Structures are given as C-alpha cells and as structure tokens.
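A.B. asks: this one's structure only:
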C-alpha cells in the first residue's frame, strides 16, 4: 500500500484531500503543521512514499508562516533524499512553482481539483 504524508493546516481541505486519497487506495498520514509533519515523518519515514505539503501553514515554531511548506520540504529531504514531494497552494503562482521544484519538490499543485492530485501522485510514483 502506498502511504501519503499530507500536511495542511486547513482542516476542511485536509479532510477532503484525505478522503479523496483514501478512496483512491492510498494510506494517509495527516498533520496540521511543519512540526507535527516532521515528527510524523520521523516515526514513519520507512512507510511514507510521497509527501503532500501545504505551502502556507504554521512553521516549526507554531506560528503561521508563508512558504513554511518549503522549510518542511527541506527537512524531509534531509531524512529521505529520494522522497517525492508535492507542494499545495491555494494560488496559481508560477514563481512559487519554480521555487518548489528548485528546492526539490516533484511538483506543485493548486488546491481545488482533488482528483487531479490523485492523478499527479500516481504519475509521480509510476515515473
């Protein structure tokens, strides 16, 4: 079974994405912020196949932070260099997409099309 680490501070979005991923046959681990996401990953690093991280959420200090997802991306990649990571955002920002990829993300995804996220994850994992 493929395990997805999903880190997003917006409860409704997190639940919606989790349901979509579970229906698609993925195992899903969820966390609301960078600190909880890193702890969950440390406990389950061997099982996590891909991480889906919100771009803007509470950082490691618990305070809301723009681009906190990039900080978590860098931390997760230190622990598992080949981990595919998808950065989620509410806005279609081309520069952020380039940042995400330059920092090691596999892809960048604009929230709102859950089924598209499933397809993107399958494509990344099958490549």
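C.D. replies: Perfect, I can see it now. Since the model is a prediction, treat every value here as computed from it, not as a measurement.

A.B. asks: which residue is nearest the centroid of the chain?
C.D. replies: Ranked by distance to the mean C-alpha position of the chain (C-alpha atoms, centre = their mean), the top residue is residue 52 at 1.6 Å.

A.B. asks: State whether it is indeed within a strand.
C.D. replies: Yes: assessed with DSSP: H, G, I helix; E, B strand; the rest coil, residue 52 lies in a strand.

A.B. asks: what's near enough to touch it?
C.D. replies: Residue 52 makes contact with 4, 5, 6, 7, 8, 17, 85, 86, 88, 109, 117, 121, according to C-beta atoms under 8 Å, 6 or more residues apart in numbering. All C-beta atoms are positioned from the backbone trio N, CA, C, and that covers glycine.

A.B. asks: since we're on the fifth one, how many residues are nearby?
C.D. replies: Burial measure for residue 8: 26 neighbouring residues, criterion other C-beta atoms under 10 Å.

A.B. asks: list the contacts for residue 4?
C.D. replies: By C-beta under 8 Å, 6+ apart, the residues touching residue 4 are 21, 26, 27, 28, 29, 48, 49, 50, 51, 52, 121.

A.B. asks: Does it belong to a helix, a strand or coil?
C.D. replies: Secondary structure assignment for residue 4 (three-state DSSP): strand.
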